[in-house]
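Trainee: mind looking at a prediction? Sequence and model below.
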Number of protein chains: 2
Amino acid sequence: MAESAFLAPYSMHPRITISQAAGHENETVQIPGWLFNLRKSGKIVFPQLRDGTGLMQCVAVKNALPEDVFESIKNLTQESSIIVTGKIRADARAVGGFEMDVEGLEVIQRVSEADPYPITPKEHGTEFLSDRRHLWLRSQRQHAVIRVRHAVIKAVRDYFDSHGFTLVDTPIFTPAACEGTTTLFEVNYFDDEKAYLTQSGQLYNEANAMAFGKVYCFGPTFRAEKSKTRRHLTEFWMVEPEMAYADLEEVKRVAEEMIISVVTQVLETRGPELKTLERDISKLERVAAPFPRLSYDEAVKILQAKGSEIQWGGDFGGTDETILTQQFDRPIMVDRYPSAIKAFYMAPDPERPEVALGVDVLAPEGYGEIIGGGQRVHDLELLLRRIAAHHLPREAFEWYIDLRKYGTVPHGGFGMGIERCVAWLCGLEHIRETIAFPRMLYRLRP
Amino acid sequence: MAESAFLAPYSMHPRITISQAAGHENETVQIPGWLFNLRKSGKIVFPQLRDGTGLMQCVAVKNALPEDVFESIKNLTQESSIIVTGKIRADARAVGGFEMDVEGLEVIQRVSEADPYPITPKEHGTEFLSDRRHLWLRSQRQHAVIRVRHAVIKAVRDYFDSHGFTLVDTPIFTPAACEGTTTLFEVNYFDDEKAYLTQSGQLYNEANAMAFGKVYCFGPTFRAEKSKTRRHLTEFWMVEPEMAYADLEEVKRVAEEMIISVVTQVLETRGPELKTLERDISKLERVAAPFPRLSYDEAVKILQAKGSEIQWGGDFGGTDETILTQQFDRPIMVDRYPSAIKAFYMAPDPERPEVALGVDVLAPEGYGEIIGGGQRVHDLELLLRRIAAHHLPREAFEWYIDLRKYGTVPHGGFGMGIERCVAWLCGLEHIRETIAFPRMLYRLRP
């Protein structure tokens, strides 16, 4: 291993990343990276370099290089770490628009032929790849998904940061359950005390909204569901805005505006990644206001007409969501679900108390619920009745009840699951690819 | 409660936040918020309104208002929720530069005199306030700290997003321990499997850096330390960048540049909050490159000269850090600690293997370590020897070892604790005020 050469580069050429190539046309530069692929054609070898910012086709000509350098290039193995020196040349046929004529190459580590890189260009099974997730992330497809994920998260934060929301992180350790304890992960806190991992920052968000007006939290949430579906992770990230002095219509307006902002920013900044994923972006370009708005009642009628067995009062299953969203070319907003199937804090419609002032946003193309939210109960007496009716321990909710005693106001918000949003934007079959190290029922490693 | 009036505002005046007042001078507007304070002076009442974006001094003149409106203003209680209508008027004496001449007021909820808002302008003890953290956040000081925290987090993300780093979230549930298991929180995963809450995303970051070149993770981390100091939380947020093809000097350069970027952005965007906190910002304005760089050896000598009992080979205590940082007017970088007191993955100095290529950044004014990082062991054989010497189960680290087999490169990074950084920037005595709902040894509520 040529460590000293790395620490004191042997050439004075600028060291750049592949993404910076456009600014160095006809210049000799150094690019450190890994060998992605190698094609040989007689006296010319084409090493393809990856460096985490892109792919660069390199051209090594036997006659133009010292023999030992050409030989070491020819014998490179997949994922060997190398620093390539060469001249950047525009080439319309190349990925990224540039190629590099190799002038020199330093091998940091040549991967052993006896223990070669396990993920070859051939097909591998999902279990095989998932066990090697730490390496699988180097593949073009996984790399693209995580880059889209980054863009989604940045777009979400940019939206809230530029619309007057204050980020207030809510706690991960919580003493009480938000919606029952059966799907909570329990942690041994100190001296036999129990803590639970948060499923939602919402209750805390409500306190924060009374202090800051408009807030959001953004962090990991946890659900100990024993379900093994393509839509569930045990650990997933969620953004949750909450607004004081806001009603259901305002919640819907913000959700719509935020989603459009996210889709727009992803389309603007992640074109190459969406291309790698072979995503049909015409479907994303159609995401514009207004999103179709329908009531739960209307949704049930549509589903029944399409052959679903759903009855008024029941919750939508995954198949129902798929059928419903396939009727539209953009996300849809379904509001006023039966109060009975919604959480205790959901405000009733004053004109029709059997339905809640809640809204779900369902992504198109069968991707299902990406947002759930609505207006909260802000009346003290009603909240107390709800807590009693749901058999919740009032003591644990005293602080939450305080919010209805000391200057209560109508308020609302929503939660958006980042992984489901990424799955939709990337057009993925399974949610496990939307996060670097997915955690599922039978998947805790690596 | 006048909900209908809220949902269908009675006036056509624009509804604004206090922070938007400057754009509405001499205009009649509506501002929803809460009564922060009320001063009476005969036929004039001065309600002070807060709305989460600022404070607005309002002026209600008896002769200018219907009698019932004036009476209801006069009888307002602290933290009552109100929507005030009035004309914005510039006034150099006022907080924020504007006052409002009240033309109307709608009371959403008048806080009961029988159960008044518990946090009055008088002094309260910390336990009393901590038990009411959900309300304490409404106070000016706590509000300011959380707003600075938001600015710190945004500045950190802006720095990495604009310097070629890809955000790759690392898992919270981990199967193996990064640095021993005694300070880990254990979670019952499914079917009697155990998971541990992450203490650091670093090991995963290293895999991600080999896939993306430069990465960062940013999320909550957990430490089950039974210590009750003013510098420790059990749940705290950490940002951790990691870079492939980087050495210790590059880690130091990035840490310095990031800190300066954060301090600059906080000074630019949070002037009013720092003023509320009575922070001496001249001390923050001095934070500029280059930060003093000293070796562990030099630091030990300075400490011994100042009377510390530290011997070469020992780790610095909180008092040592305080003494050390008081010698300088900006953050300092201490590198090359003894390998024996550092983690197994820390690269040795090739010229002096008994010290590690690690660096700590200590904040000035006695705020102690805010960053720890360095260059990692990238040589396969050395890593295997280290894992054996530290009695770590090799099986759990196979994936981490893979990174040294398949194109290993020199790499490094660091972690910065957000709460310690916020405590320093805000000039706080205790770290518990740096997060909305702090979690400590004896504090899991609310």
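Mentor: Thanks, I have it.
Trainee: quick one: contacts for the residue nearest to A:F328 when sequence neighbours are not counted?
Mentor: If the residues on either side of it in the chain are set aside, A:F328 comes closest to A:P292, at 5.2 Å by Cβ to Cβ, 6 or more residues apart in numbering or on different chains. Placement of C-beta: from N, CA and C, glycine included. For A:P292, the set of contacting residues under the criterion of Cβ atoms under 8 Å, 6 or more residues apart in numbering or on different chains consists of A:F328, A:R330, A:I332, A:M333.
Trainee: between the residues you listed, which is nearest A:Q48?
Mentor: Distance ranking of the contacts of A:P292 against A:Q48, using Cβ to Cβ, places A:R330 first at 38.2 Å.
Trainee: these two touch, right, the closest one and A:A363?
Mentor: No. At 9.1 Å, A:R330 does not count as touching A:A363 under the criterion of Cβ atoms under 8 Å.
Trainee: mutual contacts of the two, please.
Mentor: Contacts common to A:R330 and A:A363, judged by Cβ under 8 Å, 6+ apart, are absent.
Trainee: got the domain ranges for chain A?
Mentor: When chain A is parsed into structural domains using automatic domain parsing, the resulting residue ranges are A:10-109, A:133-434.
Trainee: measure the residue nearest to A:F328 to B:H134 for me?
Mentor: Spatial separation of A:P292 from B:H134 under the definition Cβ to Cβ, to the nearest Å is 38 Å.
Trainee: and for A:D329?
Mentor: Remark: distance between A:D329 and B:H134 (Cβ to Cβ) = 43 Å.
Trainee: likewise for A:I431?
Mentor: With distances defined as Cβ to Cβ, the gap from A:I431 to B:H134 amounts to 33 Å.
Trainee: do the same with A:R39
Mentor: Look at A:R39 and B:H134: by Cβ to Cβ, they are 63 Å apart.
Trainee: which of A:D329 and B:H134 has more residues huddled nearby?
Mentor: Neighbour count, other Cβ atoms under 10 Å in any protein chain shown: between A:D329 and B:H134, B:H134 has more, with 24 against 15.
Trainee: about what we covered before: so which of the contacts of A:P292 comes closest to A:I16?
Mentor: Looking across those and measuring by Cβ to Cβ, the closest to A:I16 is A:R330, at 40.3 Å.
Trainee: residues contacting that closest one?
Mentor: A:R286, A:V287, A:A288, A:F291, A:P292, A:P364.
Trainee: now restrict those to buried residues only.
Mentor: Neighbour counting by 16 or more other Cβ atoms under 10 Å in any protein chain shown classes A:V287, A:F291, A:P364 among these as buried.
Trainee: quick check, nearest of those residues to chain B?
Mentor: A:F291 (21.7 Å; Cβ to the nearest Cβ).
Trainee: doesn't that closest one fall inside a strand?
Mentor: No. Under DSSP: H, G, I helix; E, B strand; the rest coil, A:F291 sits outside any strand and is assigned coil.
Trainee: how far away is it from B:K301?
Mentor: Distance from A:F291 to B:K301, by Cβ to Cβ: 66 Å.
Trainee: before we move on, what about A:R385?
Mentor: When distance is defined by Cβ to Cβ, A:R385 is 69 Å away from B:K301.
Trainee: low-scoring stretches of the stretch 301-446 of chain A, by residue?
Mentor: Of all residues in the stretch 301-446 of chain A, none has pLDDT under 70.
Trainee: which bits of it sit near chain B?
Mentor: Taking Cβ under 8 Å from any Cβ of the partner chain as the measure of proximity, the stretch 301-446 of chain A contacts chain B at A:350, A:379, A:399-400, A:402-403, A:405-410, A:435-437, A:439, A:441-442, A:444-446.
Trainee: so who does the residue of the stretch 201-350 of chain A found nearest chain B touch?
Mentor: Proximity of the stretch 201-350 of chain A to chain B (Cβ to the nearest Cβ) peaks at A:G213, 2.9 Å away. Contact partners of A:G213, counting by Cβ under 8 Å, 6+ apart, are A:G164, A:T166, A:M243, A:A244, A:Y245, B:T17, B:G33, B:D51, B:G52, B:T53.
Trainee: out of those residues, which is most surrounded?
Mentor: Neighbour counts for the contacts of A:G213, by other Cβ under 10 Å, peak at B:G33, which reaches 29 neighbours.
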